[in-house]
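K.L.:
show me how the following folds:
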Amino acid sequence: MIDGIDLSRIQDEQTRELIVRLLNLIEQQAGIIRELQAKVQELRDEINRLKGEQGKPNIKGNKSGPKTPQNHSSEKERRSKPLERGKKGKKAQIKIDREEVVKVSAEVLPEDAEFKGYVDVVVQDIVLKTDNVLFHKEKYYSASERQSYVAEMPPGYSGQFGPGVQALALVMYFGMQASEPKIHEFFGNVGVEISEGQVSNLLIKKQADFHQESAEVYAAGLRSSPWQHTDDTLTRVNGQNQHCHVVCNPVYTAYHTRPTKERLSVLDVLRQGRKRIFRLNGEALGYVASLNWSRKARQRLLNWAQEKGERDLEEEQFFAELDATLPKLSVQCRKALIDAAAIAAYHAETAFTVIQALICDDAPQFNWLTKECLLCWVHEGRPYKKLMPVIPLHRELLADFLKHFWEYYAQLLLYREHPSPEKSQLLEAEFDRLFATRTGYDELDQRIAKSQAKKSNLLLVLKHPELPLHNNPAELGARQRVRKRDVSFGPRTQDGVRAWDTFATLAATTKKLGLSFYRYIFDRISGTGQIAPLAHLVENAARELNLGWSFTPNC
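P.N.:
Predicted structure coming up:
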């Protein structure tokens, strides 16, 4: 009955407005019905579980359709170019370990057969075997000094296991996402006598050198560009929920597990875990100016700020003065003031890297942290795809707007390649036109208005075309932690937490630098030193890519 409805053909304005309202009412009711159906199913499942039965299984269909969950991914739309298909030649990259001549049997050759050279065939293979060594360490004794002298073990041969076993365990667990039981099973199959506890120790104990290199990689990564991607994901630590924060750019990825994902935790990550400091200056006061302060509290805060000026306070001193100056401050105002003072102190630092811009989603913990913030366009497109209109007209309106949305995104991609002040002004004007659209479909119009309110964050690329338009690198980094979590659940000790973060950082960074994670780990454990420090490689790669600011028109 409502298929093919054309509101433009309705002449009477009041009738047309009434029909628009009725169509939106149908959409609202359809949404409520979906929510109630999901709630009813949850209650049925819970009743079944209480009866000792099972709930409804979540079986996905083979093909996406009306009966399967919507796909909210925007991968197809965000890609400016089709994926390259077809196999690439790898023969030239294969290292030849040995050569062997394969001869034709003399019995099958006729008398007039003439040798015409060789037909080269490269076959890749691997040999899995133990290399157990019995070291006879020389021992001398000096009677005059009453001291024994014993030969040192070769580099990499500390403890009961050589560099091959140590490196392979680390690569399998952190690079290949294998579980500890499977690693233990693998070693048993190839003849290595090792216990499950020893496998665990190889993964998390005595890794100070790797922890140090991971910290240096992160410091170099922060220095390598004025902007960074960031995201976070859940991590279980000894059965308790914590959060893994991912910070990255094109030349590195770093992982940091913290108890929470609140703003101060993100700031701790950006400050590389240094002791917290606080500064109650004009910038800090500006962040909290809009809060509901009493006149007395506001005056005390101003007096405190005037007294301290541009001085940094350590955490203990700041909290002592806060409790003395504003003892009855509300929870909301207190938290906001603490965050604001910590961020103001971060922005005033000169001895350490201060990030100028973050590429992230619009989660509130990222507010204030950097001078500028670019919101991910892929994130911005997802809420539109989550709309589920039942009215055909509304489906058409949504499809039409999404078409224009991704066309505008494509224009921004082209702008990044050839920026200019003139193009910047045209794209800003086009943004205003696109997000001023009002369709009559209430849920869509509300969503458009929310995008319109984020204009400055979505259009930061007009000022800095070096910035990517999406946050996929950080999301892909977080996905690696999710996969590790699915296989290994989570670390149980602080040593485990640190190892998870360290080796995830090293594995992701070596991949971005085009290095073999196994060769890097083996190089460090064996002490051969053929691979340069990763921090130096990160800095070199950043210089080659020129990740700094280069273009800042007014927009």
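
K.L.:
the residue lying closest to Arg274 once chain neighbours are set aside: what's it in contact with?
P.N.:
In this structure, Arg274 finds its nearest non-sequential neighbour in Phe352, 7.3 Å apart by CB to CB, 6 or more residues apart in numbering. (Each C-beta comes from the backbone N, C-alpha and C, glycine too.) Going by CB atoms under 8 Å, 6 or more residues apart in numbering, Phe352 touches Arg271, Gln272, Arg274.

K.L.:
switch the cut-off to 10 Å
P.N.:
Contacts for Phe352 (CB atoms under 10 Å, 6 or more residues apart in numbering) come out as Ala219, Leu222, Arg223, Leu270, Arg271, Gln272, Arg274, Tyr346.

K.L.:
let me know the distance separating it from Ala535.
P.N.:
With distances taken as CB to CB, to the nearest Å, Phe352 is found 15 Å from Ala535.

K.L.:
re earlier: so of the contacts of Phe352, which ones are in strands?
P.N.:
Within the contacts of Phe352, no residue falls in strands by DSSP state E.

K.L.:
quick one, domains of this structure?
P.N.:
According to automatic domain parsing, the chain comprises the domains 125-259+360-372+471-555, 277-347, 377-463.

K.L.:
picking that back up, is the residue nearest to Arg274 in a helix, a strand, or coil?
P.N.:
Put simply, Phe352 is coil when judged by DSSP: H, G, I helix; E, B strand; the rest coil.

K.L.:
from here on, call the first residue 42.
P.N.:
In the new count, where the first residue is 42, that last one comes out as Phe393.

K.L.:
got a pLDDT number for it?
P.N.:
As predicted, Phe393 sits at a pLDDT of 93.

K.L.:
ok, Ile43 next?
P.N.:
What the model reports for Ile43 is a pLDDT of 66.

K.L.:
ditto for the one 5 residues further on
P.N.:
Listed pLDDT for Leu48 reads 72.

K.L.:
mind listing what the residue lying closest to it once chain neighbours are set aside touches?
P.N.:
Once flanking residues are discounted, Leu48 sits nearest to Arg57: 5.6 Å by CB to CB, 6+ apart. Taking CB under 10 Å, 6+ apart, we find Arg57 in contact with Leu48, Ser49, Arg50, Ile51, Gly481.

K.L.:
can you flag the buried ones in those?
P.N.:
Buried subset of these (neighbour count, 16 or more other CB atoms under 10 Å): Gly481.

K.L.:
check the contacts of Arg57 and tell me the two furthest apart.
P.N.:
By the measure CB to CB, Arg50 and Gly481 form the most distant pair in these, at 14.4 Å.

K.L.:
quick one: low-confidence parts of this protein?
P.N.:
For the chain, applying pLDDT under 70 flags the ranges 42-45, 95-131, 592-596.

K.L.:
please, where are all the helices along the stretch 492-596 of the chain?
P.N.:
Secondary structure of the stretch 492-596 of the chain, counting by DSSP state H, counting those that start in this stretch: helices at 496-499, 501-504, 513-529, 535-553, 558-567, 575-586.

K.L.:
to Val191, which of those helices lies closest?
P.N.:
With respect to Val191, and counting by CB to CB, the nearest of the helices of the stretch 492-596 of the chain is helix 558-567 at 21.3 Å.

K.L.:
mind jotting down where the helices sit in the stretch 242-391 of the chain?
P.N.:
If DSSP H, counting those that start in this stretch is used as the criterion, the helices of the stretch 242-391 of the chain fall at 249-265, 304-311, 323-329, 336-349, 356-366, 372-388.

K.L.:
let's have those helices in CSV, adding mean neighbour count.
P.N.:
Formatted as CSV, those follow (neighbours: other CB atoms under 10 Å):
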stretch, mean neighbour count
helix 249-265, 19
helix 304-311, 20
helix 323-329, 17
helix 336-349, 14
helix 356-366, 14
helix 372-388, 20
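
K.L.:
would you turn those into TSV with distance to Val288?
P.N.:
Output for the helices of the stretch 242-391 of the chain, formatted as TSV (distance: least, CB to CB, whole Å):
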stretch	distance to Val288
helix 249-265	7
helix 304-311	6
helix 323-329	22
helix 336-349	30
helix 356-366	23
helix 372-388	14
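
K.L.:
for Val258, give me its contacts.
P.N.:
Counting by CB under 10 Å, 6+ apart, Val258 has contacts 292-295, 543, 546-547, 549-551, 554, 574-579.

K.L.:
just want the most central residue of this structure.
P.N.:
Geometric centre of the chain, nearest residue: Ala515, 2.6 Å, by CA atoms, centre = their mean.

K.L.:
name the nearest residue to Gln201, ignoring sequence neighbours.
P.N.:
Among residues not flanking Gln201 along the chain, Gln239 sits closest, at 7.3 Å (CB to CB, 6+ apart).

K.L.:
list the contacts for that neighbour?
P.N.:
Shown in contact with Gln239 (CB under 10 Å, 6+ apart): Gly200, Gln201, Phe202, Val206, Ala210, His225, Phe228, Val233, Lys246.

K.L.:
count of neighbours near Arg584?
P.N.:
For Arg584, the neighbour count with other CB atoms under 10 Å is 12.

K.L.:
quick check, it in contact with Ser265.
P.N.:
Yes. Arg584 is within contact range of Ser265, at 8.4 Å (criterion: CB atoms under 10 Å).

K.L.:
shared neighbours of these two, anything?
P.N.:
In terms of CB under 10 Å, 6+ apart, Arg584 and Ser265 are both contacted by the residues Val292.

K.L.:
and Trp409, how far is that from Val307?
P.N.:
Taking CB to CB as the measure, Trp409 falls 10 Å from Val307.

K.L.:
cool, and Glu585?
P.N.:
The spacing between Glu585 and Val307, counted by CB to CB, is 29 Å.

K.L.:
swap in Asp542?
P.N.:
Distance from Asp542 to Val307, by CB to CB: 15 Å.

K.L.:
same question, Gly205
P.N.:
Applying CB to CB, the value for Gly205 to Val307 is 39 Å.

K.L.:
what do you get for Gln535?
P.N.:
From Gln535 across to Val307, the span is 20 Å (CB to CB).

K.L.:
now swap in Asp353 and tell me
P.N.:
Look at Asp353 and Val307: by CB to CB, they are 20 Å apart.

K.L.:
now do Leu508
P.N.:
From Leu508 to Val307 the distance is 19 Å (CB to CB).

K.L.:
please, where are all the helices along the stretch 42-191 of the chain?
P.N.:
Assigned by DSSP H, counting those that start in this stretch, the stretch 42-191 of the chain shows helices spanning 54-91, 116-119.

K.L.:
JSON lines please, covering these and showing distance to Leu438.
P.N.:
Shown next, in JSON lines, are those (distance: least, CB to CB, whole Å):
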{"stretch": "helix 54-91", "distance to Leu438": "10"}
{"stretch": "helix 116-119", "distance to Leu438": "17"}
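
K.L.:
among those, which is nearest Asp364?
P.N.:
helix 54-91 (44.4 Å).

K.L.:
give me the distance from that closest one to the chain's centre.
P.N.:
Centroid displacement of helix 54-91 relative to its chain, using CA atoms, centre = their mean, to the nearest Å, is 35 Å.

K.L.:
which residue packs closest to Lys464, ignoring adjacent ones?
P.N.:
Tyr456 (5.4 Å).

K.L.:
wait, I meant Asn513
P.N.:
Nearest non-adjacent residue to Asn513, counting by CB to CB, 6+ apart: Val419, 6.6 Å away.

K.L.:
can you confirm that neighbour is in a strand?
P.N.:
No. Secondary structure of Val419, determined by three-state DSSP: helix, with no strand assignment.

K.L.:
pretty sure it contacts Asp402?
P.N.:
Yes. With contact defined as CB under 10 Å, Val419 counts as touching Asp402 (9.3 Å).

K.L.:
who touches both of those two?
P.N.:
Asn512, Glu516.
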